[in-house]
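A.B. asks: following is a predicted model, sequence given first.
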Amino acid sequence: MTMLQPYQPHLLSLLRAVTGLVLFSYGTQKILGFPAADAVPPAGSLPWIAGVLELTLGFLLLIGLWTRVSAFVLSGLMAFAYFIAHAPQGFYPAQNGGVAAILFSFVFLYLAAAGPGPVSIDAKRTEA
C-alpha cells in the first residue's frame, strides 16, 4: 500500500475536515436544532456544554484553525462523554452506544499529535 504514501499529508487534512464536519453537525443539532432534533438541551446542562464545544471546536477543526488545541480538548470531551454517558450502560461499546465517542476520542488525540495537514488555515499561517 505504499502507493498511498504520497497522499498521506492531504489525507490527514481530509480526516481532520471530515471529522470536524461530522462533530460540527452534532453541535448544530444540539444547539440549533438542525438537522431535526427531538429537543435542544437546556442551557448550561452537560449536553448543552458538549454541544457548544462540538459546534465551535468542530468548526475550527473543519477549517483547520487552532487544530491541535481544539482536537486535544475534543479528545477529552469525547472520553468524558464515553465514561459519563456510555460506560455505565455496559462494558462493550457496541452494546452501550459508545462506539462513536471512543473513535472520536482517539481520532482527535491523533489529530492533536499529527496536526492539521497542509490544507488548513494553520498551515497557511505558518507559511507567512
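C.D. replies: Sure, I can see it.

A.B. asks: okay, now the unreliable bits of this structure?
C.D. replies: When residues are selected by pLDDT under 70, those of the chain lie in 128.

A.B. asks: can you show me the helices along it?
C.D. replies: All helices of the chain, identified by DSSP state H, fall at 8-27, 46-63, 67-81, 93-96, 99-114, 121-127.

A.B. asks: could you say what helices and strands the last one packs with?
C.D. replies: Okay, so that is helix 121-127. The criterion is 3 or more CB pairs under 8 Å, 6 or more residues apart in numbering; DSSP states H and E, and there are no helices or strands that helix 121-127 contacts. C-beta: built from backbone N, CA, C; applies to glycine.

A.B. asks: indicate which one of the helices of the chain is closest to D38.
C.D. replies: Nearest to D38, of all these, is helix 46-63, at 11.7 Å by CB to CB.

A.B. asks: send me the closest one as CSV with only the CA atoms.
C.D. replies: What follows is helix 46-63, C-alpha atoms only, in CSV (Å, rounded to 0.1, in the frame of the first residue of the first chain):
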residue,chain,number,x,y,z
LEU,A,46,-23.8,19.0,30.3
PRO,A,47,-25.3,18.1,26.9
TRP,A,48,-25.6,21.8,26.1
ILE,A,49,-22.0,22.5,27.0
ALA,A,50,-20.9,19.5,24.9
GLY,A,51,-23.0,20.9,22.1
VAL,A,52,-21.3,24.3,22.3
LEU,A,53,-17.9,22.7,22.2
GLU,A,54,-18.9,20.4,19.3
LEU,A,55,-20.2,23.4,17.4
THR,A,56,-17.3,25.8,18.0
LEU,A,57,-14.3,23.4,18.1
GLY,A,58,-15.8,21.2,15.4
PHE,A,59,-15.9,24.2,13.1
LEU,A,60,-12.3,25.1,14.0
LEU,A,61,-11.3,21.6,13.1
LEU,A,62,-13.2,21.8,9.8
ILE,A,63,-11.3,24.9,8.7
